[in-house]
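Visitor: sequence plus predicted model, see below.
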Amino acid sequence: MNCPNCNNLLIILELNRVEIDYCTSCEGIWLDSGELELLLENEVSPEALNNSFRVDITSTEAKKKCPICSKKMEKVLFGQDEKASVHLDKCCYGHGLWFDKGELHSVAQISAAGEEKKLLNLLNKMFAYKIQN
């Protein structure tokens with residue numbers, strides 16, 4: 001599978017028993033449908049997670065193509081607070097989500113529940129992201 005951002009080949013990494021597709025060039029991450037829910041299963045309920053996405057009709061950013069179906073993905077915002085929202089790319093046919101460098105970390109920060117912050121800690125270990133408390 002090729003990166004929707006730079007067209008390089010994506011490699012498979014295992015993140016908390018979930019296989020993710022990672023671009024070593026631009027450091028983006030592709031999550032197949034349902035994988036974000038698995039990564040955040042102890043942080044946020046599936047209903048709350050689904051309610052955190054909304055289509056961004058004001059985005060002027062170029063649309064990327066889904067690495068599965070090659071159709072243009074829609075721009076979505078993740079998060080309820082406008083100031084703390086993250087812009088993502090979501091396949092219109094439900095194949096998955098594309099996270100540019102650091103965006104999965106931002107989603108994990110928004111979703112972090114309590115003191116555990118399991119996904120944040122995992123991302124920090126794998127990709128050397130700095131966790132902000």
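Guide: Good, I have the coordinates. Numbering: from 1, shown residues only.
Visitor: can you pull out the strands in this structure?
Guide: 11-15, 18-22, 29-32, 53-55, 74-78, 86-90, 96-99 (DSSP state E).
Visitor: so residue 127 is in contact with residue 28, correct?
Guide: No. Under the contact definition of Cβ atoms under 8 Å, residue 127 does not touch residue 28, with a separation of 11.4 Å. For the C-beta atoms, the positions are set from N, CA and C on the backbone; glycine is no exception.
Visitor: who has more neighbours, the two?
Guide: A count of neighbours by other Cβ atoms under 10 Å puts residue 28 above the other of residue 127 and residue 28, at 24 against 16.
Visitor: residue contacts, that one?
Guide: Going by Cβ atoms under 8 Å, 6 or more residues apart in numbering, residue 28 touches 3-6, 22, 98-101.
Visitor: quick check: the two most widely separated of those residues?
Guide: Within the contacts of residue 28, 6 and 99 form the most distant pair, 13.9 Å apart (Cβ to Cβ).
Visitor: and those two? which has more neighbours close in?
Guide: Under the neighbour definition other Cβ under 10 Å, residue 6 and residue 99 were set side by side, and residue 99 has more, 23 against 11.
Visitor: not counting its neighbours along the chain, what's nearest residue 80?
Guide: By the measure of Cβ to Cβ, 6 or more residues apart in numbering, the closest residue to residue 80 outside its immediate chain neighbours is residue 52, 6.4 Å from it.
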